[in-house]
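**Student:** I would like the atomic coordinates for the input below:
(one chain, ligands or ions: 1)
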Amino acid sequence: MTLAGRPFYDARLDPAGGTATWTLDDLCEFAAEVGDPYGGRLTGGPFDPAAERLPPFSLQLEAGEPPVWVGLDGGELAQWATALERLLARWGVTAGDTVGFYEYGSSPLVLLSAGSYVPGLGRGATDRLGADMFCNDGMGNMALRMAEAIRVVRPSAMVVRADVAAPLTEALEMSGVWLPDVLRWAAITVPDGAPFPGDVARWSERWGLPVRRILRADAAFLLAGDCDACGLFHIDADCYDLEPLPDGEVAVTTGFATTTPAVRYNLGLAERMAPGCPEEPGAPRLRWL
Ligand SMILES: [Zn+2]
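**Tutor:** Numbers count the residues shown, from 1 in each chain. Have a look, this model is predicted:
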């Protein structure tokens, strides 16, 4: 994989010979500037629909207008799904479990879960664990349907978008569903970054069960979950390389991303922590601020 010939990276050459760090805003601005929904990350110049250089799979990021896409092939999809599979496995998802998602169907968390959603993925994260999943679309007005799905399907765990946690809470009360009777844990996700620890603590108290945090940077294909034992995000070393930056920020480079490479994506204020968690002694860890 080379970065040369990819307009986004050509424009970000570092005097040291590498590429400068970048953020989602940088990508969106560049995409608007050059009129390329892939933000100039495809090889061979800006995307040209007439030239039929479409990647096998494209996903639109939740990043405003104009739309910004990432591109992948089947191998990249499978490895991104591996990050989700490991996240769910660390949180105890195993054969026979069902994970309920109250999140948009276009979210990578949903798409990477089950092979039935995405042609070319093969087995998704829950498929590989021998688990099942369902998705209730992540709109606030679907909260009653989610409460009903929890009551009827009885998932072992659920993943909820932060912005529908409040309507879901009301719906659960209206439906008489007490989550600890059904779930082992819930997890909160936001489209970019991680939910605030204080918000998660509030939902954990309100719902009466452990609530986990998901860290996402969809533009860089990063997925990580926090750890009950150490409170930090465990990172898959064979998928992601973390790099501390001088001003207290951390950049990630995603090894498997080759169609729209993610090299030195700036995660913002964070701290790369040494491995050493008793639950997973070898895992690199990240404190995300
Ligand atoms: Zn840990």
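
**Student:** Downstream of the longest helix belonging to the chain, the next helix or strand is which one?
**Tutor:** In the chain, with assignment by DSSP state H, the single longest helix is helix 74-90. Sequence-wise, the next helix or strand downstream of helix 74-90 (DSSP states H and E) is strand 98-102.

**Student:** Using CSV, write out every CA atom in the next helix or strand after that next one.
**Tutor:** Per DSSP H and E, the first helix or strand lying C-terminal to strand 98-102 is helix 108-111. Once non-C-alpha atoms are left out, helix 108-111 reads as follows in CSV (Å, rounded to 0.1, in the frame of the first residue of the first chain):
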residue,chain,number,x,y,z
PRO,A,108,-20.5,0.0,11.1
LEU,A,109,-21.5,-1.6,14.4
VAL,A,110,-24.6,-3.1,12.8
LEU,A,111,-23.2,-3.8,9.4
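
**Student:** tell me which strands and helices helix 108-111 is in contact with?
**Tutor:** In this structure, helix 108-111 packs against helix 74-90, strand 211-217, with contacts taken as 3 or more C-beta pairs under 8 Å, 6 or more residues apart in numbering; DSSP states H and E. Backbone N, C-alpha and C define where each C-beta goes, glycine included.

**Student:** Please list all residues in contact with residue 82.
**Tutor:** By C-beta atoms under 8 Å, 6 or more residues apart in numbering, residue 82 lies in contact with 125, 236, 239.

**Student:** Oh, that last question was meant for residue 74, not what I typed.
**Tutor:** 56-57, 120-122.

**Student:** go on, residue 53?
**Tutor:** Residue 53 touches 42, 44, 47, counting by C-beta under 8 Å, 6+ apart.

**Student:** Also residue 187?
**Tutor:** 91, 157-160, 211-214, 225.

**Student:** Show me the helices in this structure, by range?
**Tutor:** Going by DSSP H, the chain shows helices at 7-10, 24-34, 74-90, 108-111, 125-128, 143-153, 165-175, 197-207.

**Student:** longest single strand anywhere in this structure?
**Tutor:** strand 265-273 (DSSP state E).

**Student:** Show me which positions of it end up buried.
**Tutor:** For strand 265-273, burial by neighbour count (16 or more other C-beta atoms under 10 Å) applies to 265-268, 270, 272-273.

**Student:** Could you check how far residue 263 is from residue 5?
**Tutor:** 14 Å (C-beta to C-beta, to the nearest Å).

**Student:** between these two, which one's more packed in?
**Tutor:** More neighbours surround residue 263 than the other of residue 263 and residue 5, with 24 against 11 (other C-beta atoms under 10 Å).

**Student:** ok, back up a step: give me the buried stretch members for the longest helix of the chain, please.
**Tutor:** 76-88, 90.

**Student:** Closest one of those residues to residue 109?
**Tutor:** residue 84 (6.7 Å; C-beta to C-beta).

**Student:** Show me the domain layout of this structure.
**Tutor:** Following automatic domain parsing, one gets these domains for the chain: 7-17+26-54, 74-232.

**Student:** what's the most buried one of these?
**Tutor:** domain 74-232 (a mean of 19; mean count of other C-beta atoms under 10 Å).

**Student:** Do any residues in it lie close to the ion?
**Tutor:** Yes - counting by C-beta under 5 Å from the ion, the ion is contacted by domain 74-232 at 227, 229-230.

**Student:** and that domain, how far out from the chain's middle?
**Tutor:** From the chain centre to the centre of domain 74-232 is a distance of 11 Å (C-alpha atoms, centre = their mean, to the nearest Å).

**Student:** Can you get me the start-to-end distance on that domain?
**Tutor:** Start to finish, the residues bounding domain 74-232 are 30 Å apart (C-alpha to C-alpha, to the nearest Å).

**Student:** now do stretch 275-289
**Tutor:** So stretch 275-289: terminal residues 18 Å apart, C-alpha to C-alpha.

**Student:** if I pick whichever residue of the stretch 1-150 of the chain sits closest to the ion, what's in contact with it?
**Tutor:** In the stretch 1-150 of the chain, the residue that lies nearest the ion is residue 90 (8.5 Å; C-beta to the ion). For residue 90, the contact set (C-beta under 8 Å, 6+ apart) comprises 225, 227, 234, 279-280.
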